[in-house]
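[1] need a 3D model of the following:
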Amino acid sequence: MASHRRAPQPGPAARATRLTVLTAAAAATAALTGGAAQPAAADPSATAAGTTARLDRLYQQAEAATQAYDAATERTRQLGADLASLQQRAAQGQQRINELRTGLGRLAAAQYRGGALDPTLALLLSDDPRGFLDQAATLTRLGARQAGRLDELRSAQQALDGRHAQAAGKLTELAQATAELTRRKAAVQHALAQARQLLRTLPAAQRARYAPGTADRSFRPFPLLPPLGDLPAASGRAALAVAAAHQVLGAPYVWGATGPHSFDCSGLMQYAYSRAGVSLPRTSQEQAHAGRRVPLSQARPGDLVIYRNDASHVAMYVGDGRVIHAPYPGARVRYDPVSMMPVTAVVRP
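    Numbers count the residues shown, from 1 in each chain. This is a model prediction of the structure:
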């Protein structure tokens, strides 16, 4: 019968070595797995702050895209108007050519009845007026009256050809502008869709900052304005513009809108000054050059305050360190501190 003996137990030194090996193995395993077994809890306030910063950037991108869309819209509108004018003038030119050809045809018929028709006058009845004009130099038996009408016909045809060429060029430009308008619109919609998706991830307290809410009507700039009768004409117009902007306080921001019930930032400025009888260009970038530059320290009510390096936002100074503006999509026309973002320029229309 075999005897059973216990295996010898390791000594203190061996146990210490084994513990060291196990500890090192555990540390290596943790390093390989990136410490995923026990992740550190994210700081909610830091996450929310990063989300709001990204949301602000998205709204800024949307507003810059909106101003580009506004510029493309204005370009498309102008090209459409130019094309319509050219087409109208071409139609009038064609009508005049038809009248001249009819008159010359009558003269030719009269000569034929009188037995004095030059054979080349048959070209007047041709369906190819350009071919006739190319050969008109051979008409040697026309009287002074006929020759004068022929010269007028030639000039009218050349003018009509020029208008047709211009119209063709405008059509090409219009097609390009329309495609650009579609791209700009897609850029705005993409940025806003991202912003809406991101907004839903914010806690309620941070989300409320971007909610439309109720416009702050507690601030009243009018006591800071002198009576209109005491102001120069320009200052009087500025006061009227401030009053017009105040009347739409609380109207929603809608990209591409120029009033009277919704606005984007430059649309509000254009609308307010139009109520004062002053025509401003459409975009904030153009409005940055729509008057005399003044230092911010000398700003007066009605001055345009241009923001950001790309001049993608504009507001109207109303006094007491405040501006009125259409802030961003989803918000409403409201008052804010003039220092709400970096000021690029102050412009007095």
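[2] every contact and neighbour count from this point should use C-alpha atoms.
    OK.
[3] which stretches of the stretch 151-300 of the chain have low pLDDT?
    Along the stretch 151-300 of the chain, the parts satisfying pLDDT under 70 run over 205-234.
[4] can you pull out the helices in it?
    204-208, 233-247, 265-274, 284-287 (DSSP state H, counting those that start in this stretch).
[5] which one of the ones you listed lies nearest to residue 102?
    Nearest to residue 102, of all the helices of the stretch 151-300 of the chain, is helix 265-274, at 49.5 Å by C-alpha to C-alpha.
[6] orientation of the closest one relative to helix 233-247 in degrees?
    120 degrees (axes from the mean of the first three to the mean of the last three C-alpha atoms, to 10 degrees).
[7] what packs against helix 265-274?
    Under the contact definition 3 or more C-alpha pairs under 8 Å, 6 or more residues apart in numbering; DSSP states H and E, helix 265-274 sits against helix 233-247, helix 284-287, strand 313-319.
[8] before we move on, the earlier item: can you add distance to residue 103 and mean neighbour count and give the helices of the stretch 151-300 of the chain back as CSV?
    CSV is the format used below for the helices of the stretch 151-300 of the chain (distance: least, C-alpha to C-alpha, whole Å; neighbours: other C-alpha atoms under 10 Å):
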stretch, distance to residue 103, mean neighbour count
helix 204-208, 76, 12
helix 233-247, 57, 21
helix 265-274, 50, 27
helix 284-287, 52, 22
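[9] can you lay out those as JSON lines showing distance to residue 197?
    Shown next, in JSON lines, are these (distance: least, C-alpha to C-alpha, whole Å):
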{"stretch": "helix 204-208", "distance to residue 197": "12"}
{"stretch": "helix 233-247", "distance to residue 197": "31"}
{"stretch": "helix 265-274", "distance to residue 197": "23"}
{"stretch": "helix 284-287", "distance to residue 197": "27"}
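[10] among those, which is nearest residue 303?
    That would be helix 233-247 among these, by C-alpha to C-alpha, at 7.4 Å.
[11] the closest one vs strand 313-319, what angle?
    Going by the same axes, to 10 degrees, helix 233-247 makes 110 degrees with strand 313-319.
[12] ok so, going back, which one of the helices of the stretch 151-300 of the chain lies closest to residue 198?
    helix 204-208 (9.8 Å).
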